[in-house]
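**Q** Structure of the sequence below:
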Amino acid sequence: MTKILNASITKIVILLLLVITPIQASRGDTLSEFTECLDSCDCSTIPYKYKIILWSCSSNCNYYCQQLVTNQRTAKGYEMVQFYGKWPFVAIFGIQEFFSTLFSFGNFIVNYWNFKIIYKQFVINHDDEIKTIYFQYLVLLVVSMIGWIFSIIFHIKDLSITETLDYFGAFAIILSNLNVIVVRYFELFRSDKRRVLRIWQLFLVVTYLFHILKLLNYWDYSYNMKINMVFGVLAMIFWILHNLKVSKLYRANEKLLKNSIQLIPFENKLQIKLNSILKILQINNNLKHKIILNLPIFNNLILILGIILEINDFEPWFRLIDAHSLWHLLTMIPNLIWYDWNIWDIEILKILKKN
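**A** From the prediction side, this is the model:
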């Protein structure tokens with residue numbers, strides 16, 4: 001089963017890298033009816049339902065004209081078009097992209113809950129090497145929370161500054177995730193590898209600063225997308241390799257680990273969460289143990305499905321829910337159980353370290 005999943009993911013990752021193409025310009029902002037509407041727009045005469053509090057006059061005119069042109073095209077049976085790279089979403093409570101904002105907030109909450117869980121493990125463990133690996137997860141979670149705050153702000157109102165923060169936050173999350181898995185896979189948390197750890201993390205900091213400076217000098221959407229894909233896919237590959245390594249270690253020491261009182265509470269927590277998920281999805285509970293062993297593979301499969309969803313964008317349902325908002329919904333799912341698996345993984349490490 002593991003070999004089949006591994007081969008399938010490899011094929012999907014290659015496919016993703018092949019189908020990624022540069023973003024094309026939007027049709028909506030070049031339509032004559034849209035440009036004419038903008039030229040003649042008077043903020044004082046915009047219907048009340050199209051006026052958003054705290055938005056500037058130009059933003060309100062832009063929103064009004066997008067909605068007006070979209071209404072006209074829909075009435076004539078024409079397809080919906082994007083304006084400035086975005087669908088003409090209906091603003092709710094002054095929020096430009098309501099569901100993307102809502103799901104970004106959901107991701108922030110899930111990461112906050114996980115931060116408390118990981119911080120507890122960081123505090124109660126006194127082994128310096130174990131504390132080092134838990135610290136990597138804490139950094140990832142802090143960066144993730146900041147990144148999701150930037151995402152929330154960006155989806156509330158798309159401005160140059162909010163877009164910049166959102167992109168920089170997303171890349172920081174990707175690099176932090178790569179850092180965690182490289183540190184874990186190559187065991188850079190060990191005391192005899194601290195120098196390598198510092199060099200590796202210096203490389204990541206330099207990479208991030210180079211990325212920021214490059215984009216600030218010349219904003220290139222295609223470059224940004226490609227570098228995120230490269231580091232994101234690299235992290236996925238290492239998670240799969242680590243998953244296979246842990247699965248092999250578990251099977252080689254199954255008798256010891258199954259009889260370990262130390263591991264039982266963490267495995268029980270995983271099983272309780274999986275029971276709820278499998279019941280909702282109506283999947284056979286007999287697969288529970290195999291899923292636990294291969295959870296990083298399943299989680300990365302979910303993320304890959306999200307990327308495929310992003311590539312195959314579609315008109316938003318009710319002008320509210322699009323592929324991007326559903327991608328934010330999907331990114332919540334792995335984190336509901338992801339860090340429980342990582343604690344379980346580290347507990348296995350501790351048991352084998354003692355024996």
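
**Q** now the nearest residue to Trp341 once chain neighbours are set aside: how far from Trp338?
**A** With sequence-adjacent residues excluded and distances taken as C-beta to C-beta, 6 or more residues apart in numbering, Trp341 is closest to Leu295, at 4.5 Å. Yep, even glycine has a C-beta here, placed from its N, CA and C like the rest. Counting by C-beta to C-beta, to the nearest Å, the gap from Leu295 to Trp338 is 8 Å.

**Q** sorry, back to before: I'd like the distance between the residue nearest to Trp341 and Lys131.
**A** With C-beta to C-beta as the criterion, Leu295 and Lys131 are 24 Å apart.

**Q** And the two? Which one has more around it.
**A** Between Leu295 and Lys131, Leu295 has the larger neighbour count (other C-beta atoms under 10 Å), namely 24 against 16.

**Q** average pLDDT for stretch 180-195?
**A** Average pLDDT, stretch 180-195: 95.

**Q** Now do the SS call for Asp39.
**A** helix (DSSP: H, G, I helix; E, B strand; the rest coil).

**Q** count of residues packed around it?
**A** 9.

**Q** all strands of the stretch 151-300 of the chain, in order?
**A** Assigned by DSSP state E, counting those that start in this stretch, the stretch 151-300 of the chain shows no strands.

**Q** For it, give me the ranges with low pLDDT.
**A** For the stretch 151-300 of the chain, the stretches flagged by pLDDT under 70 are 277-289.

**Q** dump the residue contacts of Arg27.
**A** Val81, Gln82 (C-beta atoms under 8 Å, 6 or more residues apart in numbering).

**Q** any idea how far it is from Tyr223?
**A** Taken as C-beta to C-beta, the span from Arg27 to Tyr223 is 24 Å.

**Q** Next: His328.
**A** Using C-beta to C-beta, one gets 23 Å for the distance from His328 to Tyr223.

**Q** out of those two, which sits in the more crowded spot?
**A** His328 (22 against 14).

**Q** State the phi and psi torsions of Leu320.
**A** As for Leu320, its main-chain torsions (degrees, to the nearest 10) stand at phi -130, psi -40.

**Q** I meant to write Trp317 there.
**A** phi -70, psi 130.

**Q** burial measure for it, as a count.
**A** For Trp317, the neighbour count with other C-beta under 10 Å is 11.

**Q** domains for this protein, by residue range?
**A** Listed domain ranges for the chain are 2-23+95-354, 28-75 (source: automatic domain parsing).

**Q** Distance from the chain centre to the first one, please.
**A** Mean-position distance between domain 2-23+95-354 and its chain equals 7 Å (C-alpha atoms, centre = their mean, to the nearest Å).

**Q** One more: the shortest one?
**A** Counting by C-alpha atoms, centre = their mean, domain 28-75 is centred 32 Å from the centre of its parent chain.

**Q** Span of that domain from start to end?
**A** Length of domain 28-75, first residue to last, C-alpha to C-alpha, to the nearest Å: 16 Å.

**Q** residues in contact with Asn62?
**A** Residues near Asn62 by C-beta under 8 Å, 6+ apart: Leu38, Phe83.

**Q** What strand or helix carries it?
**A** Element membership of Asn62 [criterion: DSSP states H and E] is helix 57-75.

**Q** Skipping its backbone neighbours, what lies nearest His242 in space?
**A** Sequence neighbours aside, Tyr185 is the residue nearest to His242 in space, at 4.7 Å (criterion: C-beta to C-beta, 6+ apart).

**Q** ok, the one you found to His155 distance?
**A** Using C-beta to C-beta, Tyr185 is found at 33 Å from His155.

**Q** swap in Ile124?
**A** Counting by C-beta to C-beta - Ile124 and His155 are separated by 37 Å.

**Q** Same question for Gly85.
**A** 14 Å.

**Q** of those two, who's got more company?
**A** Using other C-beta under 10 Å as the criterion, Gly85 and His155 rank with His155 on top: 25 against 14.

**Q** Tell me if I'm right that the more buried one and Phe105 touch.
**A** No: counting by C-beta atoms under 8 Å, His155 does not reach Phe105; the two are 9.4 Å apart.

**Q** Can you classify Phe314 by secondary structure?
**A** coil.

**Q** For it, grab phi and psi.
**A** When read as degrees, to the nearest 10, the backbone of Phe314 gives phi -140, psi 160.

**Q** Excluding chain neighbours, what is closest to it?
**A** Ala323 (5.8 Å).

**Q** ok, the one you found to Ile297 distance?
**A** The gap separating Ala323 from Ile297 is 24 Å, by C-beta to C-beta.

**Q** what's the answer for Gln66, then?
**A** Gln66 sits 42 Å away from Ile297, going by C-beta to C-beta.

**Q** ok, now Trp87?
**A** Trp87 sits 33 Å away from Ile297, taking C-beta to C-beta as the criterion.

**Q** Neighbour count for the two, which is higher?
**A** A count of neighbours by other C-beta under 10 Å puts Trp87 above the other of Trp87 and Ile297, at 25 against 21.
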